[in-house]
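> Just to be clear, the model below is a prediction. Sequence and coordinates:
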There are 2 protein chains.
Amino acid sequence: MLVIERLPKRTRQQQLLQAIEDNPFLTDEELMRKFQVSIQTVRLDRLELGIPELRERIKHMAERSYDQVRSLPIDEVIGEIIDLQLDKSGISMFELTEDHVFSRTKIARGHHIFAQANSLAVAVINDPIALTASADIRFIRSAMLGEKCIAKAYVKSLSKGKAKVDVQTFIGDEVVFEGSFVIFHSKKEQLRTEGGQANADRN
Amino acid sequence: MLVIERLPKRTRQQQLLQAIEDNPFLTDEELMRKFQVSIQTVRLDRLELGIPELRERIKHMAERSYDQVRSLPIDEVIGEIIDLQLDKSGISMFELTEDHVFSRTKIARGHHIFAQANSLAVAVINDPIALTASADIRFIRSAMLGEKCIAKAYVKSLSKGKAKVDVQTFIGDEVVFEGSFVIFHSKKEQLRTEGGQANADRN
DNA sequence: ACTACTTTTAGTACTAGGTAATAAGAGGAG
DNA sequence: CTCCTCTTATTACCTAGTACTAAAAGTAGT
């Protein structure tokens, strides 16, 4: 007789599933010790539950995070630049995912909406060094999970080291956010520029 | 005397490093084909460059992303709540890492500073449904990589569905950010509350 | 108690993607 | 021609498995 009573198959499989969900880095050998069964039982359980082997689990996690890491630093602007006329105007698109909303209400958190507008306001200024000095912002309507936010930025004035940029963010034809940004930048005089590569290193 | 360093090896190793950085999922066999050398050369190169094997690389990525996933949803506030007196005041701390700064200048991006202040302003309101309506903000000094931002929020007024919250963010004793937030919330009348568990589901 | 069936365990062959160590060949500098 | 670096080859071993076959153990019905 075993001192430790072994669990029925169903229970064990549910606990195994939970265990791997909690810690995907468990090997079959560790699971075998945890549940006091043979390694073959663990493997049969994984087979029945459709849980891939450790290395595959790890690989999937890495691939997922790799894709995330890839998608961010390509341009440091929050959202996707649709159109950019340096020192004039810019448009970006930003889709609200689970990551951007309150888990309870599915309403977008203010700072994500702000981040899109802020980074566009900075990106539109043709200067590698450009920083938000101040902003006057209004959240007009709340945005929800899955909605596509289109931010439009217009440079209102541009002087030695200071620019005023107005941003409006729309969902469909409804305004959800408005902001007036004052952006400090480094260039003393404005230069005429070709439409070429903008500075990717700013938002 | 070796006047000219033998470039092929060095160049290859640099390219190998770059290749693995670009795509950490490359096996030695794939690298061998890519560089037209034997698999042993690839392995010697990795050894010299201190690049771990594929599985270790993948594992590290997975672990890192796992830790991130773990650390984020625990509290949905940007930064760490140091003190919270609901409907009165709150303090949060936020350390600027590489993720929060311009890669070129190492200056913090405005929306991260804003996010800390905004999420604190929302968190301090004792209502599970609270949203930023508008804000008037000023970035007074630029914050740099590694600096610890301490945000202090004070509830200035609180009525049926609207609250005014002022936030100041400090690095040391210097003010780096100031903002006046108007927060909409759902409660009609204010209730006296025990100091207990605040809503983690808001910022 | 015997059979039938499920569940568990055991064992073997094979795999990918390596490490570690040792030896041998290639090619250039002096 | 020799020394030296670089490269390649070879072999043994590792982990964490898959795939498959077979046997043992437990459980239920009759």
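That came in fine, so what should we check first? Residues are numbered from 1 along each chain as shown, chains lettered A, B, ... in the order given.
> CA only for contacts and neighbour counts going forward, please
Will do.
> Report how many residues lie close to A:Glu147.
By other Cα atoms under 10 Å in any protein chain shown, the residues close to A:Glu147 number 15.
> per-residue confidence for it?
A:Glu147 is assigned a pLDDT of 92 by the prediction.
> thought it was touching A:Glu98?
No - in this structure A:Glu147 lies outside contact range of A:Glu98 using Cα atoms under 8 Å: 11.0 Å.
> Could I get the full set of strands for chain A?
Along chain A, counting by DSSP state E, strands occupy A:80-85, A:89-95, A:130-139, A:148-158, A:162-171, A:174-185.
> Can you report phi and psi for the closest residue to A:Gly146 other than its chain neighbours?
Of all residues not flanking A:Gly146 in the chain, A:Leu96 sits nearest, at 5.0 Å (Cα to Cα, 6 or more residues apart in numbering or on different chains). Dihedral angles of A:Leu96 (phi, psi; degrees, to the nearest 10) stand at phi -80, psi 120.
> I figured A:Leu96 hits A:Ile171, correct?
No - contact criterion Cα under 8 Å: A:Leu96 and A:Ile171 do not qualify, at 10.9 Å.
> Which of these two has more residues huddled nearby?
A:Leu96 (22 against 18).
> From chain B, how far off is A:Gly79?
13 Å (Cα to the nearest Cα, to the nearest Å).
> Contacts only, for the nearest residue to that residue once chain neighbours are set aside.
Spatial nearest neighbour of A:Gly79, chain neighbours left out: A:Phe94 (4.3 Å); criterion: Cα to Cα, 6+ apart. Counting by Cα atoms under 8 Å, 6 or more residues apart in numbering or on different chains, A:Phe94 makes contact with A:78-80, A:116, A:148-150.
> List the beta-bridge partners for A:Phe94.
A:Cys149 (DSSP bridges).
> What's the separation between it and chain B?
In terms of Cα to the nearest Cα, A:Phe94 sits 15 Å off from chain B.
> cool, and A:Lys160?
19 Å.
> Could you list the low-confidence segments of chain A?
A:1-7, A:65-77, A:187-203 (pLDDT under 70).
> what residues go with each domain of it?
Per automatic domain parsing, the structural domains of chain A span A:9-61, A:65-198.
> is the first one up against DNA strand D anywhere?
Yes - Domain A:9-61 comes into contact with DNA strand D when judged by Cα under 7 Å from any atom of the strand, the residues involved being A:26-29, A:40, A:43, A:47, A:52-55.
> Can you select the buried ones from those in PyMOL?
The PyMOL selection below is limited to those of the residues of domain A:9-61 next to DNA strand D classed as buried (16 or more other Cα atoms under 10 Å in any protein chain shown):
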select buried, chain A and resi 26+28+43+53
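> And the residues of domain A:9-61 next to DNA strand D, which is closest to A:Glu63?
A:Arg55 (12.0 Å; Cα to Cα).
> List the single closest residue to that closest one in space, sequence neighbours excluded.
A:Arg55 sits nearest to B:Arg55 (Cα to Cα, 6+ apart), 7.8 Å away.
> Run through the residues of chain A sitting next to DNA strand D.
So chain A meets DNA strand D at A:26-29, A:40, A:43, A:47, A:52-55 (Cα under 7 Å from any atom of the strand).
> what residues does chain A put near DNA strand C?
A:8-9, A:36-41, A:44.
> and the residues you listed, which of them are in helices?
Counting by DSSP state H, the residues of chain A next to DNA strand C place A:9, A:39-41, A:44 in helices.
> Show the buried residues in those residues.
A:39, A:41.
> Could you pull up the contacting residues of A:Ile51?
A:Leu17.
> Distance check, it against A:Glu147.
34 Å (Cα to Cα, to the nearest Å).
> circling back: and which of the contacts of A:Phe94 is nearest to chain B?
Nearest to chain B, judged by Cα to the nearest Cα, of the contacts of A:Phe94 is A:Gln116 at 8.6 Å.
> Thanks a lot, catch you later.
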